[in-house]
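In: how would this look folded up:
(2 chains)
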Amino acid sequence: MVNYQERLDRTFAALVDPTRRAILAQLERKDGVSISELAEPFAIKLPAVMKHLDVLDDAGLVTRSKSGRTVTVRLRAQPMREAMEWLRRYQHFWSGSLDRLAAYAESKQNEARRRGR
Amino acid sequence: MSSLTLVRRIKARPQVVFDAVTTAEGIAHWWGPDAGPVLVSESDPRVGGRYRVRFRMLDSTEHESSGAFLEIKRPERVVLSWRWKGGLEDAGESRIEITLRAVPEGTELTLTHSRLQDEETRSGHEKGWSGALDKLETHFAGDASA
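Out: All right, here's what the predicted structure looks like:
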């Protein structure tokens, strides 16, 4: 079993690429899309799309199922949710911290100004 | 790319903000996500120097993080490593980069918190994905059962 940290790394690595993000965005609009349908909006060849899907698949972000000659791609929400939880946690931490940092630095600045007068 | 970027404008000079960010006395006044107190604040702000901060949140849980100063250039830039003690929240090591830029009203602070592993992928193309994530987030927020 892949642990949480590794999964998170893979998810974030997969999300670096704008084409892969666009693929995910496409998949969230529609559940279950064939590969050729998926490749349509992109100015890249099918094999390149397949490569991106391999990366997304490795990261557990999509699943592929084959029926006859058609491969259907679906989004898997769990890794994405974990990645967003990671971000949200630090977002919460830092926005609270930076509010207080700003207030503190501003009070120090005012102090210095008063002393300088 | 796994980074979080926040930008703040602060009505204080970069030197004042920098000292608030890096000194033990400064850290004691602001570190932590809510109004809970900082219990321990240690900092040795020079390259290779370490910091350690322990804080209590309003829900009375205590958390401690520590790391090293990887880069430091007063008053414009500081890079820290970060690791939670116990690693329950997040076992990995991450990286915090804070840059300060003088602006007419004081300082513009830019903070980037990223996972350490993706340093090699940092150059260039990660910018702007948080917008894309926000859109996906809307989707997942209403989709807890998937």
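In: what distance do you get for A:Tyr4 to A:Arg10?
Out: Distance from A:Tyr4 to A:Arg10, counting by Cβ to Cβ, to the nearest Å: 11 Å. C-betas here are computed from N, CA, C, even on glycine.
In: higher neighbour count, these two?
Out: Between A:Tyr4 and A:Arg10, counted using other Cβ atoms under 10 Å in any protein chain shown, A:Arg10 has the larger neighbour count: 20 against 14.
In: which residue ranges of chain B form helices?
Out: In chain B, the helices defined using DSSP state H lie at B:14-22, B:24-30, B:129-141.
In: what residues of stretch B:96-106 count as buried?
Out: By 16 or more other Cβ atoms under 10 Å in any protein chain shown, the buried positions in stretch B:96-106 come out as B:96-100, B:106.
In: for those residues, give me TSV that also has distance to chain A and pLDDT.
Out: TSV is the format used below for these (distance: Cβ to the nearest Cβ, whole Å; pLDDT from 0 to 100):
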residue	distance to chain A	pLDDT
B:Ile96	9	93
B:Glu97	12	94
B:Ile98	10	96
B:Thr99	13	97
B:Leu100	10	97
B:Gly106	7	96
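In: who are the contact partners of B:Ala68?
Out: B:48-51, B:80-81 (Cβ atoms under 8 Å, 6 or more residues apart in numbering or on different chains).
In: list only buried entries from those residues.
Out: Neighbour-count burial (16+ other Cβ under 10 Å) applied to those gives B:51, B:80-81.
In: quick one: strands adjacent to the longest strand anywhere in chain B?
Out: In chain B, taking DSSP state E as the definition, the longest strand is strand B:62-73. Strands that pair with strand B:62-73, judged by DSSP bridges, come out as strand B:50-56 (antiparallel), strand B:77-84 (antiparallel).
In: run the chain-centre distance for that strand.
Out: 9 Å (Cα atoms, centre = their mean, to the nearest Å).
In: for that strand, C-alpha coordinates in CSV please.
Out: The C-alpha coordinates for strand B:62-73 follow below in CSV (Å, rounded to 0.1, in the frame of the first residue of the first chain):
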residue,chain,number,x,y,z
GLU,B,62,-0.6,21.8,21.3
HIS,B,63,1.6,21.6,18.2
GLU,B,64,5.3,22.0,17.6
SER,B,65,7.2,22.6,14.5
SER,B,66,10.8,23.1,13.9
GLY,B,67,13.4,23.5,11.2
ALA,B,68,16.4,25.3,9.9
PHE,B,69,17.1,28.6,8.2
LEU,B,70,18.1,27.6,4.7
GLU,B,71,18.6,31.1,3.3
ILE,B,72,18.5,34.4,5.0
LYS,B,73,19.0,37.9,3.5
